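Chemist: Got a sequence here, can you build the structure:
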Amino acid sequence: MSPNPEKILVLVRHAHRDTTSRKADNGLSNKGQKQALEIKKELASKFMNEAPLLVSSPKLRCIETLEPLAEALGKKVKSNDLLDEAAPDESTSELIGRIQEFLDWWKTKAPKVTVACSHGDWLPEAYGLLTGKQMDLTKGSWALLALYSGKVHRQESSANRDH
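Modeler: Numbers count the residues shown, from 1 in each chain. Next up, the predicted model:
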């Protein structure tokens, strides 16, 4: 990481979900649990001294993705409806408005380090709004963004893996 960013945002795509029932708010599959442990391994040492805020979509698969990291850091995962995937009746402009509301909050009110777990529809939009670039995260991957003088830069990311 470059020295002294004003803020850091780690965008995490939830790990592989249990697909037993697509209509249920399932948690993680065995594969997803392994991915969540990998996220913990990759991020815990980075932020051990930072006391990051861990926020998640209210969906169980997102919360469970961050729980191993939370346990390693002695933190709790906080649910935030702004991070939820698009509702069936939500328009694209409404979703983007919700994403922008979260990003405005992050820039102005969040602590120095925030780790946010969300979904495959939410994350590319957020990344684009922050950087003006495109990036798709595969399940169980993350991107670390840093804010310098009002401009957001990608610092690093996990391998875009889907194992």
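Chemist: What is the burial count for Ser149?
Modeler: The number of residues packed around Ser149, counting by other C-beta atoms under 10 Å, is 6. Using the backbone N, CA and C atoms, a C-beta is placed for each residue, glycine as well.
Chemist: and the residue lying closest to it once chain neighbours are set aside, what is it in contact with?
Modeler: What sits nearest to Ser149 in space, not counting adjacent residues and going by C-beta to C-beta, 6 or more residues apart in numbering, is Glu6, at 7.5 Å. Residues in contact with Glu6 (C-beta atoms under 8 Å, 6 or more residues apart in numbering) are Lys112, Ala146, Leu147, Tyr148, Ser149.
Chemist: And for Leu53?
Modeler: With contact set as C-beta under 8 Å, 6+ apart, Leu53 has these partners: Lys75, Lys78, Ala110, Pro111, Val113, Thr114, Val115.
Chemist: try 10 Å
Modeler: 9, 75-78, 80, 106, 110-116 (C-beta atoms under 10 Å, 6 or more residues apart in numbering).
Chemist: got it, and Ala146?
Modeler: Each residue near Ala146 by C-beta under 10 Å, 6+ apart is listed here: 1-10, 113, 152-156.
Chemist: In ChimeraX, select just the buried ones from those.
Modeler: Selecting only the buried entries of the contacts of Ala146 in ChimeraX, with 16 or more other C-beta atoms under 10 Å as the criterion:
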select :5,7,8,9,10,113,152
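Chemist: can you give me how far stretch 139-159 is from the chain middle?
Modeler: 10 Å (C-alpha atoms, centre = their mean, to the nearest Å).
Chemist: Using CSV, write down the CA coordinates of it.
Modeler: This file holds the C-alpha atoms of stretch 139-159, laid out as CSV (Å, rounded to 0.1, in the frame of the first residue of the first chain):
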residue,chain,number,x,y,z
LYS,A,139,-16.9,-14.9,-5.6
GLY,A,140,-14.6,-14.8,-2.7
SER,A,141,-12.3,-12.1,-4.1
TRP,A,142,-11.6,-8.5,-3.0
ALA,A,143,-10.2,-5.2,-4.2
LEU,A,144,-8.5,-2.7,-1.9
LEU,A,145,-9.1,0.9,-2.8
ALA,A,146,-7.4,4.0,-1.2
LEU,A,147,-8.6,7.6,-1.1
TYR,A,148,-5.9,10.3,-1.7
SER,A,149,-6.9,13.9,-2.0
GLY,A,150,-10.4,13.0,-3.0
LYS,A,151,-9.4,10.6,-5.7
VAL,A,152,-9.7,6.8,-5.4
HIS,A,153,-7.0,4.4,-6.6
ARG,A,154,-6.9,0.6,-6.6
GLN,A,155,-4.0,-0.5,-4.5
GLU,A,156,-4.2,-4.3,-4.8
SER,A,157,-6.7,-7.1,-5.1
SER,A,158,-6.8,-10.8,-4.6
ALA,A,159,-6.4,-13.0,-7.6
